[in-house]
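Asks: Could you work out the structure for the sequence below:
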Amino acid sequence: MSKRDYYEVLGVSKSADEREIKKAYKRLAMKFHPDRTKGDKAMEEKFKEVQEAHEILTDGQKRAAYDQYGHAGVDPNRGGAGFGGGGADFGDIFGDVFGDIFGGGGRGGRQSRARQGSDLRYNLELSLEEAVRGKNVEIRVPTLVACDGCDGSGAKKGSSPTTCPTCHGNGQVQMRQGFFAVQQTCPTCSGRGKIIADPCRECHGHGRKEKTKTLSVKVPAGVDTGDRIRLTGEGEAGEAGAPAGDLYVQVHVKEHSIFTRDGNNLYCEVPLSFTKAALGGDIEVPTLDGKVKLKITTETQTGKMFRLRGKGVKSVRSGSVGDLMCRVVVETPVNLTSRQKELLEELDTSMGKGDEAAKYRPKEQGFFDGVKKFFDDLTN
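Replies: Take a look at the predicted model:
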């Protein structure tokens, strides 16, 4: 049985951020958790499905692989995807929910950690030629980088953050609501577990500052619209020295005036004169590597495809090369002189009528024979 789309499982859109995904997961995990469904196998399977979708979509690297390759891009047998394999237990789910209600950002009883920097996306537009051949491009990306004045600590050079006296470094404090004891993010240190008495003047204690970085991106030959190039560690800097996020360069290939791409194959329409289509002969057609000769067979009709092997795109993954498919469009002559019209009329007369004409125009005769039969059937 094929797996459902992970976004569909959680009921979120493909553009959903991590917060939306986690919120959807909490709601569904509480609904389908075995502690609540009491042995219902169908509900247990749904719980496993929800956990698996959550694991993939909250992991930046796995989500990127899934978005690009679908289920084939992630290992279906990874540990922790199913029930009992390391996923969140019921206590964790309730801890997250109460934390959200009372302002907490983390799970109960766990020390708050500095957050990893956010992943970034950069939209890169390429011409078809650039995408097919590959190139090195320089991009400018506005982002948050670690402050060099304090090495990302947020504290003035020569000093360092100190342990928060309110939560004693845990990042959370306990609150009682009637019979419940719940965890809340420490209001003094905002969950960091540390406070900065003497903040850095350059970043004002944030440990990060805005900067536009210039990066060189190697675009491999054969990329197509929808492909993503991952630059590890080139996203936003993390908080308090935590790892930086990644930068994903999203490729978009502009429309081409001659060629249309489908996978590794290229397609183009080749206009053909009335006489060349009837008599055949050689013509020149464009490819991305220059002009080549194409042999047109006699009596060629509009819509006929000619294949030029190896004149398509080299796959960025497998290295195989596609073909160029040339679709012929027979062009009816226009702006004819009187003499040219006479010649065409002479040609038409020479072909005769009725059964004799069918020898030269079988499609036309077949069409009208079909029309005649259609109306005869209606009247009978």
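Asks: So residue 192 is in contact with residue 171, correct?
Replies: Yes. Residue 192 is within contact range of residue 171, at 6.2 Å (criterion: C-beta atoms under 8 Å). To be clear about C-beta, it is placed using only N, CA and C from the backbone, and glycine gets the same treatment.
Asks: Just the CA trace of stretch 210-222, in PDB.
Replies: Below are the C-alpha coordinates for stretch 210-222, written out as PDB (Å, rounded to 0.1, in the frame of the first residue of the first chain):
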ATOM      1  CA  GLU A 210      22.300  41.700  10.100                       C
ATOM      2  CA  LYS A 211      24.700  41.300   7.200                       C
ATOM      3  CA  THR A 212      24.400  40.800   3.500                       C
ATOM      4  CA  LYS A 213      26.700  37.900   2.500                       C
ATOM      5  CA  THR A 214      28.100  37.300  -1.000                       C
ATOM      6  CA  LEU A 215      28.300  33.600  -1.800                       C
ATOM      7  CA  SER A 216      29.500  31.700  -4.800                       C
ATOM      8  CA  VAL A 217      27.100  28.900  -5.900                       C
ATOM      9  CA  LYS A 218      28.200  26.100  -8.200                       C
ATOM     10  CA  VAL A 219      25.200  25.200 -10.300                       C
ATOM     11  CA  PRO A 220      25.600  21.700 -11.700                       C
ATOM     12  CA  ALA A 221      24.800  21.000 -15.300                       C
ATOM     13  CA  GLY A 222      21.300  19.600 -15.900                       C
END
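Asks: which other residues reach that stretch?
Replies: Contact with stretch 210-222 is made by 124, 126, 130-145, 229, 231, 234, 247, 249, 251, 264, 313-317, as judged by C-beta atoms under 8 Å, 6 or more residues apart in numbering.
Asks: chain center to it: distance?
Replies: Relative to the centre of its chain, stretch 210-222 is centred 18 Å away, using C-alpha atoms, centre = their mean, to the nearest Å.
Asks: Would you mind measuring from the residue positioned nearest the centre of the chain to residue 248?
Replies: Compute the mean C-alpha point of the chain, and by C-alpha atoms, centre = their mean the closest residue is residue 226, 4.6 Å away. Using C-beta to C-beta, to the nearest Å, residue 226 is found at 12 Å from residue 248.
Asks: pLDDT below threshold where in the stretch 51-200 of the chain?
Replies: Along the stretch 51-200 of the chain, the parts satisfying pLDDT under 70 run over 69, 75-114, 176-181.
Asks: Could you pull out the strands in it for me?
Replies: For the stretch 51-200 of the chain, applying DSSP state E, counting those that start in this stretch gives strands covering 120-126, 135-146, 162-163, 172-177, 180-185, 194-195.
Asks: hey, which of these is tucked in deepest?
Replies: Sort the strands of the stretch 51-200 of the chain by mean neighbour count, taking mean count of other C-beta atoms under 10 Å, and strand 194-195 sits at the top with a mean of 19.
Asks: what does that strand rub up against?
Replies: 161, 162, 163, 164, 165, 169, 188, 189, 240.
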